[in-house]
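Asker: this one's sequence-less:
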């Protein structure tokens, strides 16, 4: 009887440790991750226009580098819009050299495509150039 109780407690303890490690795992550090893809905004947008399901399978929740022209800049929310098609939120304040009409290369995580607004969305972005 003591052996069954001991084994039960051990199994419960292992389950609790595994659950804790799964729930409290480290967050991704997009800035240090190697990118999966490097594309321009037009290529990425066209991929979503042609087949959203395939594009999601390829790009969604991946670290990517995207290049494009800044069409909207909001320093208060640390965000930019590239080529009027990609909304990117940055982890830190935007550098002063990022201005409207400047060409930039950003690295971040693609979090989705808004088909209603026809806009791609990225977060945890950093400027590479």
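Answerer: Structure's in. What do you need? All values reported here derive from a predicted model rather than from experimental measurement.
Asker: Residue 67 contacts residue 43, doesn't it?
Answerer: No: counting by CB atoms under 8 Å, residue 67 does not reach residue 43; the two are 9.7 Å apart. Where you see a C-beta, it was placed from the backbone N, CA and C, and this is true even at glycine.
Asker: neighbour-wise, which of those two wins?
Answerer: Applying other CB atoms under 10 Å to residue 67 and residue 43 shows that residue 67 carries more neighbours, namely 19 against 12.
Asker: List the beta-bridge partners for the more buried one.
Answerer: Note on residue 67: beta-bridge partners residue 40, residue 105, judged by DSSP bridges.
Asker: Can you name the residues that contact it?
Answerer: Each residue near residue 67 by CB atoms under 8 Å, 6 or more residues apart in numbering is listed here: 38-41, 103-106.
Asker: and the spatially most central residue of the chain, what pLDDT?
Answerer: The residue lying closest to the centre of the chain (CA atoms, centre = their mean) is residue 109, at 1.7 Å. We have a pLDDT of 96 for residue 109.
Asker: Now it: which helix or strand?
Answerer: Residue 109 belongs to strand 103-114 when assigned by DSSP states H and E.
Asker: same for that strand, what does it pack against?
Answerer: Applying 3 or more CB pairs under 8 Å, 6 or more residues apart in numbering; DSSP states H and E, one finds that strand 103-114 contacts helix 52-59, strand 63-74, strand 79-82, strand 86-90, strand 119-127.
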